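Undergrad: sequence first, predicted coordinates after that:
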Amino acid sequence: MKTITITDPTQIEDIIRKCPYCTVGITDFEGNPYVIPMNFAWKDGTIYLHSGPEGNKVEMVKRHPQVCINFCEGHELVICTDR
């Protein structure tokens with residue numbers, strides 16, 4: 001699998017604006033990874049995740065505030081033949 005790192009803020013914003021949702025990785029109460037798709041909004045460089053003011057996700061993030069947010073654009077399979 002080929003990994004591409006994008007650091008240009010304009011490219012990053014373009015990708016984020018094309019995504020209908022993101023996936024958020026948090027740590028559950030037992031210390032296990034917990035990844036969920038979430039609706040979001042993006043404004044002035046800030047990501048706003050759609051969630052109620054209380055619940056399991058909020059409590060998990062309070063306990064383990066380190067999170068990972070993934071944006072994925074272009075969900076087609078690409079076969080590389082140049083090995």
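TA: Arrived safely, thanks for sending. Numbering: from 1, shown residues only.

Undergrad: phi first, then psi, for Cys22.
TA: phi -130, psi 170 (degrees, to the nearest 10).

Undergrad: wait, isn't it in contact with Ile69?
TA: Yes - in terms of C-beta atoms under 8 Å, Cys22 counts as a neighbour of Ile69; the distance is 5.4 Å. Where C-beta positions appear, they are placed from N, C-alpha and C, glycine not excepted.

Undergrad: now do the contacts for Cys22.
TA: Going by C-beta atoms under 8 Å, 6 or more residues apart in numbering, Cys22 touches 37-38, 40, 47, 49, 69-71.

Undergrad: can you check Val24 too?
TA: Here Val24 is in contact with 35-38, 49, 67-70 (criterion: C-beta under 8 Å, 6+ apart).

Undergrad: same deal with Val35?
TA: So Val35 contacts 23-26 (C-beta under 8 Å, 6+ apart).

Undergrad: so where does it fall, helix or strand?
TA: Taking DSSP states H and E as the definition, Val35 sits inside strand 33-38.

Undergrad: related to what we said a few turns ago, among the contacts of Cys22, which two are most distant?
TA: Across the contacts of Cys22, no pair lies farther apart than Pro37 and Ile47, at 14.1 Å, counting by C-beta to C-beta.

Undergrad: ok, those two, which is more surrounded?
TA: Ile47 (14 against 11; other C-beta atoms under 10 Å).

Undergrad: where does pLDDT dip in the protein?
TA: 1, 75, 78, 82-83 (pLDDT under 70).

Undergrad: what are the boundaries of the helices in it?
TA: Here the chain has its helices, by DSSP state H, at 9-18, 56-63.

Undergrad: buried deepest among the ones you listed, which one?
TA: helix 56-63 (a mean of 13; mean count of other C-beta atoms under 10 Å).

Undergrad: and for that one, what are the contacting residues?
TA: Against helix 56-63 from outside (C-beta under 8 Å, 6+ apart): 26-29, 34, 36, 51-52, 67.

Undergrad: still on that earlier bit, highest neighbour count among the contacts of Cys22?
TA: Phe40 (18 neighbours).
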